[in-house]
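J.: make a model of this:
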Amino acid sequence: MSAVTIEDTHHEEHPSGIKRWLFTTNHKDIGTLYLVFALIMFLIGGVMALVIRAELFQPGLQFVEPQFFNSMTTLHALVMIFGGVMPAFTGLANWLIPMMIGAPDMAMPRMNNWSFWILPFAFAMLLSTLFMEGGAPAGGWTLYPPLVLQTGDAFPFAMFAIHLMGLSSIMGSINIIATILNMRAPGMTLMKMPLFVWTWLITAYLLIATMPVLAGAVTMLITDKFFGTSFFNAAGGGDPVLFQHIFWFFGHPEVYILILPAFGVISQIIPTFARKPLFGYSSMVYATASIAFLSFIVWAHHMFTVGMPLQGELFFMFTTMLIAVPTGVKVFNWVATMWKGSMTFETPMLFAIAFVVLFTIGGFSGLMLAMAPIDFQYHDTYFVVAHFHYVLVPGAVFAIMAAVYYWLPKWTGHMYDERLGKLHFWLSVIFVNLTFFPMHFIGLAGMPRRIPDYALQFADFNMLASVGAFGFGLAQLIFVYVVWKAARGGEKASAQVWEGAHGLEWTLPSPPPYHSFTKAPVVE
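T.: Numbering: from 1, shown residues only. A predicted model of the protein is given here:
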């Protein structure tokens, strides 16, 4: 830094009000911006989900046109993935990574500001498609041609919005990698980093590797529609299945981008409330890295029904089963950490335990879908919807909620309302299962997804799912209230927020200090 800039910063007054948030380069402020933005997007995406569930409450067409129904499924997914889960985890990364590795801030603070402020514009463009002639894109979040190319004026807006989201993700990832690799405190080797930092380091590499692939696929769609190319147009010698290959080469690592930071969060929370070190730290790191590596060679398990050769089906079937192994290692290690621990069940721990149980259900249904002959039956049914929502709602979203409850006292200096937190947890866990568990049954019975009407035999389970969805949605208002209340004030957070039997400090490092498990405990 030159003398001039040091002098300038010395005389500079700290901006307040709107300027503070627009021009901030402080990692905590930017983390807060990401988290608040993600919360708003969760609520918008949630309303879209409720439109879908209201329509499916009973057979027949009640509230919306089929075109609008499919626009809702498309935008619900794009908003929840790119506007909800990913910015929420990026917000957690901004807040926590510098503090966890002993860095003063992120490596590139100005780029950090930019990578956030791209997002509101991207989502303004995406949501504006709802008001355009021809309606929002209705081809599903997978954007398969030729279906998505039927979209009217909204098409270029949606595609450009996706480009902007990818740009934001890539810049955020470069920043995270640069920060972790260059700004760790002296003595903090890679294998001493908290697991949340490890999962984000690996996630950031996944993002940099896959986002340009999505950008390429989207660009090819744009040139097919407006510039006369035939990448995916069979009439011009193109191949619509090529799009699926490109899309899922991004799309499968993307689902791990959504869940790996959640693994990191859970690996911080469980040791704290079990009051013992995380079991198998290094195996957790290696498992995370193997999941990331394997995620690149399983993409076509989303495409078993396109007519690929038998050898291809076998390859993707076996590699998909293989990816269950490191995930199983993680679940085993979390359970082993809790085993014989002095556990207490504050709200973050409740969400963490629900994560382990319900995410595992999602993993098992994923293994079912990994089997090619079975997938032929279940492909594009509600069974698939049940599977990925079990991975992403009680998985990624519960982990985000656990993280917010866990670190909120550190962020605000105030304790959240434990009674309301537990109420939020129990309502969420009951309603999330009421929403998504019946979908397994209607999927196995053959109800197709993305269709606004259905046969009479699916009516009862759909009614249950819709009741669950509205219950889950309303329960989240408690969460918003709890966060708002803690941010405004309340009981001061003590230096040791999570005081249990051992008065263990709540920011327990992971891996924790050396502990010998071989010596017998000293009995006083």
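J.: how about the secondary structure of the nearest residue to Ala158 once chain neighbours are set aside?
T.: With C-beta to C-beta, 6 or more residues apart in numbering as the criterion, Ala158 has its nearest non-adjacent residue at 4.8 Å, and that residue is Pro137. In this view, the C-beta of every residue, glycine as well, is placed from N, C-alpha and C. Here Pro137 is coil, with the state taken from DSSP: H, G, I helix; E, B strand; the rest coil.
J.: got phi/psi on Thr229?
T.: The phi/psi pair for Thr229 (degrees, to the nearest 10) reads phi -80, psi 170.
J.: what helices and strands are in contact with whatever helix or strand Met284 lives in?
T.: Met284 is part of helix 281-294 when elements are defined by DSSP states H and E. Helices and strands touching helix 281-294, by 3 or more C-beta pairs under 8 Å, 6 or more residues apart in numbering; DSSP states H and E, are helix 195-226, helix 240-274, helix 310-338.
J.: which strands and helices sit next to the helix or strand hosting Phe398?
T.: Element membership of Phe398, judged by DSSP H and E, is helix 398-412. Where contact means 3+ C-beta pairs under 8 Å, 6+ apart, helix 398-412 is packed against helix 27-55, helix 86-101, helix 240-274, helix 347-370, helix 418-444, helix 459-488.
J.: what's near enough to touch Met303?
T.: Val241, Gln244, His245, Trp248 (C-beta atoms under 8 Å, 6 or more residues apart in numbering).
J.: quick one on the thing from earlier: give the buried residues for the helix holding Met284.
T.: Neighbour counts over helix 281-294 (16 or more other C-beta atoms under 10 Å) mark Tyr281, Met284, Val285, Ala287, Thr288, Ser290, Ile291, Ala292, Leu294 as buried.
J.: how far off centre is that helix?
T.: Relative to its chain's centre, helix 281-294 lies at 18 Å (C-alpha atoms, centre = their mean, to the nearest Å).
J.: now do stretch 123-138
T.: Centre-to-centre, stretch 123-138 and its host chain are 23 Å apart (C-alpha atoms, centre = their mean).
J.: list the contacts of that stretch.
T.: By C-beta under 8 Å, 6+ apart, stretch 123-138 touches 41, 44, 67-68, 70-71, 73-75, 78-79, 83, 143, 147-148, 150-155, 157-158, 160-162, 164.
J.: kindly recompute the last result at 6 Å.
T.: 67, 70-71, 74-75, 83, 148, 151-154, 157-158, 161 (C-beta atoms under 6 Å, 6 or more residues apart in numbering).
J.: where strands are concerned, which of these count?
T.: Nothing among the contacts of stretch 123-138 maps onto strands, per DSSP state E.
J.: which PyMOL command selects the buried ones in these?
T.: A single PyMOL command suffices to select whichever of those are buried according to 16+ other C-beta under 10 Å:
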select buried, resi 70+71+74+75+83+148+151+154+157+158+161
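J.: without its sequence neighbours, what residue ends up closest to Gly46?
T.: Nearest to Gly46 is Gly473, by C-beta to C-beta, 6+ apart, at 5.2 Å.
J.: would you mind measuring from the residue nearest to Lys28 when sequence neighbours are not counted to Gly341?
T.: Nearest non-adjacent residue to Lys28, counting by C-beta to C-beta, 6+ apart: Trp95, 5.9 Å away. With distances taken as C-beta to C-beta, to the nearest Å, Trp95 is found 27 Å from Gly341.
J.: could you list the low-pLDDT ranges of the stretch 1-150 of the chain?
T.: 1-13 (pLDDT under 70).
J.: just checking, Ala352 touches Gly264?
T.: No - between Ala352 and Gly264 there is no contact under C-beta atoms under 6 Å: 11.8 Å.
J.: what pLDDT does the closest residue to Leu278 other than its chain neighbours get?
T.: The shortest distance from Leu278 to any non-neighbouring residue, by C-beta to C-beta, 6+ apart, is to Pro271 (4.5 Å). For Pro271, the pLDDT comes out at 93.
J.: and the gap between Pro271 and Tyr281?
T.: Pro271 is 10 Å from Tyr281, by C-beta to C-beta.
J.: on that earlier part again, count the residues that sit near the residue nearest to Ala158.
T.: Neighbourhood size, Pro137 [other C-beta atoms under 10 Å]: 27.
J.: measure it to Ala124 for me?
T.: 16 Å.
J.: what residues of stretch 416-432 count as buried?
T.: Tyr416, Asp417, Leu420, Gly421, His424, Phe425, Leu427, Ser428, Val429, Phe431, Val432.
J.: quick one: the third one and Leu477, what's the gap?
T.: Distance, Leu420 to Leu477, using C-beta to C-beta: 11 Å.
J.: just send the buried residues of helix 281-294 back as JSON lines, with distance to Ala49 too.
T.: Formatted as JSON lines, the buried residues of helix 281-294 follow (distance: C-beta to C-beta, whole Å):
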{"residue": "Tyr281", "distance to Ala49": "37"}
{"residue": "Met284", "distance to Ala49": "32"}
{"residue": "Val285", "distance to Ala49": "35"}
{"residue": "Ala287", "distance to Ala49": "32"}
{"residue": "Thr288", "distance to Ala49": "30"}
{"residue": "Ser290", "distance to Ala49": "33"}
{"residue": "Ile291", "distance to Ala49": "27"}
{"residue": "Ala292", "distance to Ala49": "29"}
{"residue": "Leu294", "distance to Ala49": "30"}
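J.: return the member of those residues nearest to Phe345.
T.: Checking the buried residues of helix 281-294 against Phe345 by C-beta to C-beta gives Met284 as the nearest, at 22.9 Å.
J.: and for the closest residue in space to Met349 that isn't next to it in sequence, the neighbour number?
T.: Leaving aside its sequence neighbours, Met349 sits nearest to Phe273 (C-beta to C-beta, 6+ apart; 3.8 Å). Neighbour count for Phe273, taken as other C-beta under 10 Å: 26.
J.: show me what contacts Phe273?
T.: Counting by C-beta under 6 Å, 6+ apart, the residues that Phe273 touches are Met343, Thr344, Met349.
J.: show the buried residues in those residues.
T.: Met343, Met349.
J.: out of the contacts of Phe273, who's nearest Val298?
T.: After measuring those against Val298 - C-beta to C-beta - the closest member comes out as Met349, at 32.2 Å.
J.: quickly note the distance from that closest one to Val393.
T.: For Met349, the distance to Val393 (C-beta to C-beta) stands at 19 Å.
J.: go on, Val357?
T.: 13 Å.
J.: nearest residue to Val64 in space, please, no chain neighbours.
T.: Using C-beta to C-beta, 6+ apart and skipping the chain neighbours, the partner closest in space to Val64 is Glu55 (5.6 Å).
J.: measure that neighbour to Trp117 for me?
T.: Note on Glu55: its distance to Trp117, by C-beta to C-beta, is 35 Å.
J.: could you do Thr142 as well?
T.: 28 Å.
J.: ok, Gln311 next?
T.: 48 Å.
J.: and the two? which has more neighbours close in?
T.: Trp117 (16 against 8).
J.: in which helix or strand would I find the more buried one?
T.: Once you assign secondary structure using DSSP H and E, Trp117 falls within helix 109-128.
J.: in that helix, what's buried?
T.: 109, 111-119, 122-123, 125-127.
J.: relative orientation of that helix and helix 86-101 in degrees?
T.: Going by axes from the mean of the first three to the mean of the last three C-alpha atoms, to 10 degrees, helix 109-128 is angled at 160 degrees with respect to helix 86-101.
J.: centre of the chain to helix 109-128, how far?
T.: 18 Å.
J.: what of stretch 19-39?
T.: On C-alpha atoms, centre = their mean, the centre of stretch 19-39 falls 19 Å from the chain's centre.
J.: which residues does that stretch contact?
T.: Residues contacting stretch 19-39 (C-beta under 6 Å, 6+ apart): 84, 87-88, 90-91, 94-95, 98, 105-106, 109-110, 112-113, 116.
J.: if we can go back for a sec, farthest-separated two in the buried residues of helix 281-294?
T.: Tyr281 and Leu294 (20.7 Å).
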